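[1] sequence below, structure please.
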Amino acid sequence: MLKSRTFHHIRHYLIQSYSLDLRALALMRIGISIVLLLDLCIRSLSIKAFFTDEGVLPISILKQYHWNDFYFSFHAMHGDLWLQILLFILNGIAIFLLLVGYRTRLLTFICWIFLVSLQNRNPFILQSGDDLLRLTLLFGFFLPWGERYVIKQPVRFPNNQLSFSSIGYLLLVSSVYFFSALHKTSPEWHSEGTAIYYALSLDQIRLPIGTLIYPYPLLLKSLTFIVYYIELIAPLILILPFPKKFKLIGIILITLLHIGISITLYVGLFFVIGLVSLIGLMPGFTLNWIEQKLKINLTSKNEIYTYHSTYFIFDLIHFFKNTFITFIIIYCLILNLSSLMWFRYGLHSKVLAFGSALRLEQNWGMFSPYILKDDGYYVYGGLNTNKQLIDVKHTSKAISFSKPEAIISEFESDRWRKYSENYAFKNNNYMRPFYCKYLLKKWNLENPENKISELTIYFMKEISLPDYKTKPIEKNVVCNCNTMDIK
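    This is a model prediction of the structure:
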């Protein structure tokens, strides 16, 4: 009898530790929907450049150099602008319906399909936040995040919920930071403590507050170790069976990490996605406090929800669902482990193909194993009819190779910054002419009185060195095209 009570007590404690609150999941659904809408709006500003054949990556080039046979993309069915506009509108409608809580499971699946299609269309503008957003949406399909804060409030279950999908989601969020820490094996993160220094040495991503703290090496060294140990310890707090009040510490630490990143480095929506993904882990007592302050009460029940059905067909569906989620959890775990140098095992090619179809690919090696030290900026020189070399980026008459005061202002969005980063890599030589042609054609359409016949893209490479030094700026011609190339 004593052993039975002890087992029951341990089981109850574990369930309490790992259960998720339905209100937190609903808030995460709303947050994810807002992020999806914001991301769609940002992408729409460059819809022609990034998603049509007239832009920087025609469909034929995408499928020739960067396409998996198991990928799918509605956006890659045709290269005309009208199709992209139509898909963006339909995507926006689906996201809005998910936001307000209409048929959430169906709309979650539709939004996931649209997101995968959109990301597959142009991989050169993606970053780690896109992986997290895509995978969170996938787990959202299996999570009951449509049980609170929806149009028709069902309130079918108590606030607390425990399932395979909630465990998988918890492991997903934890793996982002834990494996990011494991990837940080270079001296910059350990013996030297110079990782933050080199990150802030990159002018293309350093924000004003980053500039403010940049001159203080001891502070940067301390921040390097703080970032590393937060990424290493906070996920362990989340996944180990600690009380919810203690797990809140892990959530706060990761939140502070993202806030620190957001005010010092230009990383686009990455920090927003990271913060929103944490909302689903908020413990029930924090939601109780919020509801009390807002004077709302969705349900007075507070038991743990566990699955129960008297129908065989529902039991069968539930079994296959849990089996599928378990497979995804194991797949992601092995995939992350296989990215580490010391792990000798990997997934079979057929299994990897299955993961490609679901876009389970993920890479949490942010700023690791070492910090990129190659910095620089682009100069766009256009040759006009008067044989003058003009700066087509700044619509100025004379071209200048001097370093801009604020390189971040050179990018229309972080999508363009990420594209420019990939554009400089030598293994992406095949995509360079299309960006050059796009800029040349765009300039001539917008400036008929001052057309250019030739465009040369220069990359002014600057390599960061220790002690606030850099190598002399190196001028490289990365691409050249003329009006004959676009006919």
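
[2] only C-alpha atoms from now on, for both contacts and neighbour counts.
    OK.

[3] mean confidence for stretch 24-42?
    Averaged over stretch 24-42, pLDDT sits at 96.

[4] what does stretch 288-300 give?
    Stretch 288-300 shows an average pLDDT of 73 in the prediction.

[5] swap in stretch 163-171?
    pLDDT averaged over stretch 163-171 gives 92.

[6] using PDB, write out every CA atom in that stretch.
    Extracted as PDB, the C-alpha positions of stretch 163-171 are listed here (Å, rounded to 0.1, in the frame of the first residue of the first chain):
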ATOM      1  CA  SER A 163       0.000  14.600 -23.900                       C
ATOM      2  CA  PHE A 164       2.700  13.400 -26.200                       C
ATOM      3  CA  SER A 165       2.300  16.600 -28.300                       C
ATOM      4  CA  SER A 166       2.900  18.800 -25.200                       C
ATOM      5  CA  ILE A 167       6.100  16.800 -24.300                       C
ATOM      6  CA  GLY A 168       7.200  17.200 -27.900                       C
ATOM      7  CA  TYR A 169       6.600  20.900 -27.900                       C
ATOM      8  CA  LEU A 170       8.500  21.300 -24.600                       C
ATOM      9  CA  LEU A 171      11.500  19.300 -26.100                       C
END
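
[7] which helices and strands sit right next to the strand or helix carrying Ile251?
    Taking DSSP states H and E as the definition, one finds Ile251 inside helix 244-264. Identification of packing neighbours for helix 244-264 by 3 or more C-alpha pairs under 8 Å, 6 or more residues apart in numbering; DSSP states H and E yields helix 208-213, helix 217-239, helix 270-279.

[8] tell me how far Ser17 lies from Ser174.
    15 Å (C-alpha to C-alpha, to the nearest Å).

[9] compare these two (neighbour count), which wins?
    Between Ser17 and Ser174, Ser174 has the larger neighbour count (other C-alpha atoms under 10 Å), namely 24 against 21.

[10] mind listing what that one touches?
    Going by C-alpha atoms under 8 Å, 6 or more residues apart in numbering, Ser174 touches 234-236, 238-239.

[11] and the residues you listed as CSV, adding pLDDT?
    Shown next, in CSV, are the contacts of Ser174 (pLDDT from 0 to 100):
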residue, pLDDT
Ala234, 97
Pro235, 96
Leu236, 96
Leu238, 95
Ile239, 93
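
[12] let me have these in TSV, extended by distance to Leu87 and neighbour count.
    Below are the contacts of Ser174 laid out as TSV (distance: C-alpha to C-alpha, whole Å; neighbours: other C-alpha atoms under 10 Å):
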residue	distance to Leu87	neighbour count
Ala234	39	21
Pro235	37	24
Leu236	41	18
Leu238	38	24
Ile239	39	18
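
[13] which one of the residues you listed is nearest to Phe425?
    Set against Phe425, the nearest of the contacts of Ser174 by C-alpha to C-alpha is Pro235 (33.0 Å).

[14] who's the closest spatial neighbour of that closest one, skipping the chain neighbours?
    Once flanking residues are discounted, Pro235 sits nearest to Ser174: 4.6 Å by C-alpha to C-alpha, 6 or more residues apart in numbering.

[15] can I get stretch 364-377 as PDB, trimmed to CA atoms?
    The C-alpha trace of stretch 364-377 is given here as PDB (Å, rounded to 0.1, in the frame of the first residue of the first chain):
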ATOM      1  CA  TRP A 364      20.200  25.600 -33.900                       C
ATOM      2  CA  GLY A 365      23.900  26.400 -34.400                       C
ATOM      3  CA  MET A 366      23.400  30.100 -34.000                       C
ATOM      4  CA  PHE A 367      26.800  31.900 -33.900                       C
ATOM      5  CA  SER A 368      28.500  28.600 -33.600                       C
ATOM      6  CA  PRO A 369      30.800  26.800 -33.400                       C
ATOM      7  CA  TYR A 370      32.600  30.100 -34.000                       C
ATOM      8  CA  ILE A 371      31.500  33.600 -34.800                       C
ATOM      9  CA  LEU A 372      31.500  34.800 -38.400                       C
ATOM     10  CA  LYS A 373      34.300  37.300 -38.700                       C
ATOM     11  CA  ASP A 374      33.800  38.200 -42.400                       C
ATOM     12  CA  ASP A 375      31.900  41.500 -42.500                       C
ATOM     13  CA  GLY A 376      31.500  44.000 -45.300                       C
ATOM     14  CA  TYR A 377      29.100  46.000 -47.400                       C
END
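
[16] what about the helix or strand containing Asp375, distance to the chain center?
    For Asp375, the host element (DSSP H and E) is strand 374-384. Here strand 374-384 is found 28 Å from its chain centre; the criterion is C-alpha atoms, centre = their mean, to the nearest Å.

[17] got it, and stretch 389-399?
    Mean-position distance between stretch 389-399 and its chain equals 34 Å (C-alpha atoms, centre = their mean).

[18] same check, this time on stretch 185-194
    Centre-to-centre, stretch 185-194 and its host chain are 25 Å apart (C-alpha atoms, centre = their mean).

[19] repeat that for stretch 280-293.
    26 Å.

[20] buried ones in it, by neighbour count?
    Going by neighbour count (16 or more other C-alpha atoms under 10 Å), the buried part of stretch 280-293 is 280-284, 287.

[21] and stretch 469-483, by the same measure?
    Buried residues in stretch 469-483, counting neighbours by 16+ other C-alpha under 10 Å, are found at 473, 475, 478-482.

[22] again, but for stretch 162-179
    For stretch 162-179, the neighbour count (16+ other C-alpha under 10 Å) marks 162-179 as buried.

[23] same question, stretch 250-264
    For stretch 250-264, the buried set under the neighbour-count rule, 16+ other C-alpha under 10 Å, comprises 250-251, 253-255, 257-258, 260-262, 264.

[24] quick one, domains of the chain?
    Taking automatic domain parsing as the reference, the chain has its domains at 16-357, 374-486.

[25] looking at those domains, which is closest to Met366?
    Checking the domains of the chain against Met366 by C-alpha to C-alpha gives domain 16-357 as the closest, at 6.1 Å.

[26] got the end-to-end distance for the closest one?
    End-to-end distance for domain 16-357, by C-alpha to C-alpha: 35 Å.

[27] over to stretch 469-477?
    Using C-alpha to C-alpha, the two ends of stretch 469-477 sit 24 Å apart.

[28] residues in contact with that stretch: which ones?
    If you take C-alpha under 8 Å, 6+ apart as the criterion, stretch 469-477 is touched by 456-465.

[29] one more: stretch 130-144?
    Contacting residues not belonging to stretch 130-144 are listed as 22, 25, 29, 32, 105-106, 108-109, 111-112, 115-116, 165-166, 168-169, 172, 176, 270, 273-274, 277, 360-363 [C-alpha under 8 Å, 6+ apart].

[30] good, we can wrap up now.
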